[in-house]
Structure formats: C-alpha cells, structure tokens
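In: make a model of this:
(2 chains)
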Amino acid sequence: MDQTTLVLALLPILIIQLALMIFALVDLIKNPNPNGPKWMWGILIVVVNIIGPILYFVIGRRNY
Amino acid sequence: MKQFNILMQKEWRENTRNYKIYWIPAIFILLGITEPVVNYFLPQILEASGGLPEGAVFEMPAPTPEQILTAVMEQFQTIGMAVLILAYMGTVAGERKSGTATLLYVRPLSFPFYFLSKWVMASAISLLSVWFGFLGGYYYTLIFFDKVEWSKLLQMVGTYSIWVLLIVSIVVAASAAMPNGGLAAAVTFAVYLVLQLGDGLFGTNWSISPVKLPQYAAAWLSGSPDSASLGGAIGVAALLIFVLFVFGSWASRKNKAKTKV
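Out: Numbers count the residues shown, from 1 in each chain, chains lettered A, B, ... in the order given. I've put the predicted structure just below:
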C-alpha cells in the first residue's frame, strides 16, 4: 500500500473526529445555559479526543 | 396505535434535536475503524513510542482478520456500551426533570406505549450505530488485512445485536425506575458488571446465559457456536427484555408522582 492510499484510508478517522469536535463547539457557543463554565467545556472538547465531545453532549447539554 | 405513532414522532424529534442520531453512530464508526488501523500500524507505533532497546527485534505475528473483528467487538463491549448507557440513562428520568413529562403525563397516556416508544427509539439508534461500526471495521479489515466472509460477519453482528438490545432494555428500564439519570447509569453499570462477574466466576456451565451472547457472536467467525446454547441464550435474552419492558412500563407509571412541575 503506497503513501497516498494510506492517507486516503486514514482520512475518515480525522474527518469524524473533527466533525464531532466542531459539532460540539458550535453547539456550545449557541448554548445559552450549559452545565458548567463555557470555557471549561471548550477546552475539554478541543483537548480530549472523542471523550470530550461525548461528555459535553451527555453532561454539558443536560441530556440526562 | 395512533398514540404510539405520535410518541414515536416525539422521540424522533427529541433524538434529532439533541444530536443523538449523529454522535452515537459517529463514535461507533470511529471505534470500529480505529481497531484495524491501530493493529495495522502497531509495529510503527511501538517503534515511535520508544522504550525498546537498540537493535531489539521482534517478530509480530500478523493478526488474522477474525481476531481484528473480535477486537472491534471487545471495543464495543467496553467503550461502546458505556457510551450507550450514558446516552440513554436519562431517556425517561431526564424527562421528569426537564418538564417534558408534565406535558405528557397530564394527558391520558398509555404507559406501555410510552415506554415502548422510548425503547424502540433507543434500540434503533443503538443497533444502527453498532451495525455501522461493524461495517466500518469490516471495510478496514478488508483493505488492511484480509477478507472475512460476509455471511460470518452477518451472523456475528446478528447475534451481537441481541446483546445490545438487552443492554438498551436495562438502561431504559433503569431510567424509568430511578429518580435521575445518574442513578440509572450507576444501576445499569452495576448490573452490567455483576452479570459479567457472575457469569465469569460461576457460569462455566451456564450455556444459555445471555451474558455469553458476545462470546457466541465471536464464535461465528471461527466456525459456529453450539446451536442449542445459542438458541437458549437468545430465548433467555428475549424473556429478560420482555420482563424489563413490563417492569419499565410499571415503573414509569409509578414514578409519575416524582415529576418536577
């Protein structure tokens, strides 16, 4: 397998991670009343891969 | 029946608005894809992370595609199930807290239909996510490793789906029975651990224990599980799901009074 096919094959992982992150960030910005400080959620979503957006969607949006 | 349709529409709207139909499948696909990719790059990853003495040589046996798919399933067993439990811990309990429940419970509501609408929506999203996850994992196993027959994959995913349905039933029923989502998740995790532990410690001969369903699912990849045990396990799981359904409808009616107005 050469370099370009490899990169193409790995692209979906990157896209899904970025999409989750952007989705969570946009929602956080629009959210008038998140559960906890906004800046904390912002850092969590950007820094902690995959788990950050999940935690925001479950806990930060009060979806429980 | 009309009531059920309307409740389903409400569930659908809720699950699109809190993005559950997007992020749950995304996470399962990610889990499914990551496993074969990490296995493919394992030698490079070990080399780059260091810690090996200079000139260390080690023969890495190439994992078989069956092993990779089993590993994908193990990922779903740990992280995947945790995500499902967290996502649906508040499906009934959260409604009582947020006030949606007051709008519902003042009407002549059929609680079995109410519970069923919750259960159907949660199951549909969970199953679709698991299927997409396996599909992603299968595709990457195909391009990085080797072919696994379609029929084997289908049998494995079909068996595993029953286990997913059982877990979803436990979460939704716990959510109906507990005063808040956090407790529902705690109860579900406790039940999950106790089931696994009990089966692991004493269950060597309990061939029809539904906790063995994931094992039977994995067994499809290298032959086929004992059909009598598999049938028994599916039967017990179906019975448990039915009991949880009755219990959940009863609990959501009983906890009506706990609604915050």
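In: element containing the spatially most central residue of chain A, please.
Out: Centroid-nearest residue in chain A: A:M21, 2.3 Å away (criterion: Cα atoms, centre = their mean). Using DSSP states H and E, A:M21 maps to helix A:3-30.
In: ok, and does the helix or strand just after that helix reach over to chain B?
Out: Next helix or strand after helix A:3-30 toward the C-terminus (DSSP H and E): helix A:38-47. No - using Cβ under 8 Å from any Cβ of the partner chain, helix A:38-47 never reaches chain B; the gap is at least 11.9 Å. (Glycine included, C-beta is placed from N, CA and C.)
In: if I look at B:T159, how far off is chain A?
Out: 27 Å (Cβ to the nearest Cβ, to the nearest Å).
In: for that residue, which non-adjacent residue is spatially closest?
Out: Spatial nearest neighbour of B:T159, chain neighbours left out: B:A217 (3.9 Å); criterion: Cβ to Cβ, 6 or more residues apart in numbering or on different chains.
In: same check, this time on B:M89
Out: B:A185 (3.8 Å).
In: isn't the one you found right next to B:L84, touching?
Out: No - assessed by Cβ atoms under 8 Å, B:A185 is found out of contact with B:L84, at 10.4 Å.
In: what touches both of the two?
Out: Counting by Cβ atoms under 8 Å, 6 or more residues apart in numbering or on different chains, the common neighbours of B:A185 and B:L84 are B:V171.
In: host element of A:R62?
Out: Counting by DSSP H and E, A:R62 is part of no helix or strand.
In: got the contact list for it?
Out: A:34-35, B:94, B:98.
In: what does the stretch 51-200 of chain B put close to chain A?
Out: B:83, B:86-87, B:89-90, B:93-94, B:98, B:136, B:140, B:143-144, B:180-182, B:185.
In: do I have it right that B:A174 meets B:G181?
Out: No - counting by Cβ under 8 Å, B:A174 does not reach B:G181; the two are 9.4 Å apart.
In: what do the two both touch?
Out: In contact with both B:A174 and B:G181: B:M89, using Cβ under 8 Å, 6+ apart.
In: from B:V243, how far out is the residue nearest to B:T159?
Out: Distance of B:A217 to B:V243, given as Cβ to Cβ, to the nearest Å: 23 Å.
In: which one of these two has more residues nearby?
Out: Comparing B:A217 with B:V243 by neighbour count (other Cβ atoms under 10 Å in any protein chain shown), the higher total belongs to B:A217, at 23 against 12.
In: in which helix or strand would I find the more buried one?
Out: Going by DSSP H and E, B:A217 is in helix B:213-219.
In: can you list contacts of that helix?
Out: B:70, B:73, B:77, B:156-157, B:159-160, B:162-163, B:166, B:225, B:229-230, B:233-234, B:237.
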